[in-house]
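Colleague: Sequence unavailable; structure follows:
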Ligand SMILES: NC(=O)c1ccc[n+]([C@@H]2O[C@H](COP(=O)([O-])OP(=O)(O)OC[C@H]3O[C@@H](n4cnc5c(N)ncnc54)[C@H](O)[C@@H]3O)[C@@H](O)[C@H]2O)c1
């Protein structure tokens with residue numbers, strides 16, 4: 001079946017919660033071996049256990065995406081779950097540190113670039129030697145409307161996410177000769193990251209006013225798009241950024 005991930009091994013970063021956890025569950029449902037990683041090792045272990053209890057194949061590993069050492073260990077662990085390849089990497093881990101530019105400290109700017117942009121680079125670099133060259137290798141990055149159209153109070157996050165768009169397109173061109181596709185998802189969903197903008201009355205209505213469908217998705221509504229990019233169904237799609245955001249970016 002075109003959307004099946006049977007026999008594939010996937011690493012999802014930041015998968016202890018939110019969109020990463022939903023993607024990990026969906027990958028397992030599609031038949032993949034999944035290494036659930038997060039800086040929060042307990043959260044990752046909890047998601048992996050839940051997947052295994054539901055009959056899927058999952059393990060967990062602590063992974064701060066800024067650490068090349070931890071990324072290498074995670075890749076080794078994932079490779080041992082299947083045939084030695086790691087077919088799919090989802091660079092999903094993320095955090096925010098909003099502030100207006102005039103008040104934003106250099107530390108907060110560097111930290112957010114470090115987690116999102118450098119973290120995606122670190123994990124992609126670590127997985128590269130294990131990506132198969134038979135057309136099943138996938139890197140799926142996670143960007144944001146903030147990186148496509150900018151967001152007030154998030155110069156750090158917007159710059160990091162725009163950087164991820166450039167990383168996606170450059171790696172897509174470079175890795176095409178290894179038959180590896182590289183794409184990005186720009187989601188919008190109800191997760192811990194969006195808790196404040198969803199629950200603050202003023203922020204919430206201002207945000208939803210920009211979304212054509214005028215509602216937030218649950219993470220489970222975003223996850224199938226990760227499965228699509230990971231699967232054979234997307235074998236001829238590379239270098240693309242797909243907003244999955246109810247019409248925020250049109
Ligand atoms: N939720 C949205 O509407 C939305 C919109 C656009 C983009 N995104 C992006 O989607 C991704 C997932 O976000 P989410 O909404 O699920 O948020 P979330 O806060 O629910 O989950 C983020 C996860 O990343 C982990 N994490 C944080 N720093 C890490 C690090 N250094 N190394 C490894 N893991 C780390 C956290 O522990 C957490 O489990 C992020 O890249 C985010 O920027 C989300």
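Modeller: All right, it came through fine. Since this is a predicted model, take the numbers as computed values, not measurements.
Colleague: all helices of this structure, in order?
Modeller: Listed in chain order, the helices of the chain (DSSP state H) span 18-29, 41-53, 68-79, 106-113, 119-127, 145-149, 155-175, 195-199, 201-208, 219-230.
Colleague: Please identify the most buried of these.
Modeller: Mean neighbours per residue, mean count of other CB atoms under 10 Å, is largest over these for helix 18-29, with a mean of 26. From N, CA and C alone the C-beta is placed, and that goes for glycine too.
Colleague: follow-up on the earlier one: which one, of the helices of the chain, ends up nearest to the ligand?
Modeller: helix 18-29 (2.2 Å; CB to the nearest ligand atom).
Colleague: Run through who's touching that closest one.
Modeller: If you take CB atoms under 8 Å, 6 or more residues apart in numbering as the criterion, helix 18-29 is touched by 5, 10, 12-15, 34, 36, 38, 47-48, 50-51, 54, 56-58, 88, 90, 92-93, 142, 187, 189, 191-193, 218-220, 222-224, 226-227, 230.
Colleague: check the residues you listed against the ligand, which are close?
Modeller: Among the contacts of helix 18-29, the residues lying close to the ligand (CB under 6 Å from any ligand atom) are 13, 14, 38, 92, 93, 142, 187, 189, 191, 192, 193.
Colleague: Can I have the buried ones of these as a ChimeraX selection?
Modeller: Restricted to buried positions by 16 or more other CB atoms under 10 Å, the ChimeraX selection for those reads:
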select :13,14,38,92,93,142,187,189,191,193
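Colleague: helices or strands up against the worst-scoring helix or strand of the chain on mean pLDDT?
Modeller: Of all helical and strand segments in the chain, the minimum by mean pLDDT, DSSP states H and E falls on helix 201-208, at a mean of 92. Applying 3 or more CB pairs under 8 Å, 6 or more residues apart in numbering; DSSP states H and E, we find helix 201-208 packed against helix 195-199.
Colleague: If anything else comes up later, I'll come back, but that's it for now.
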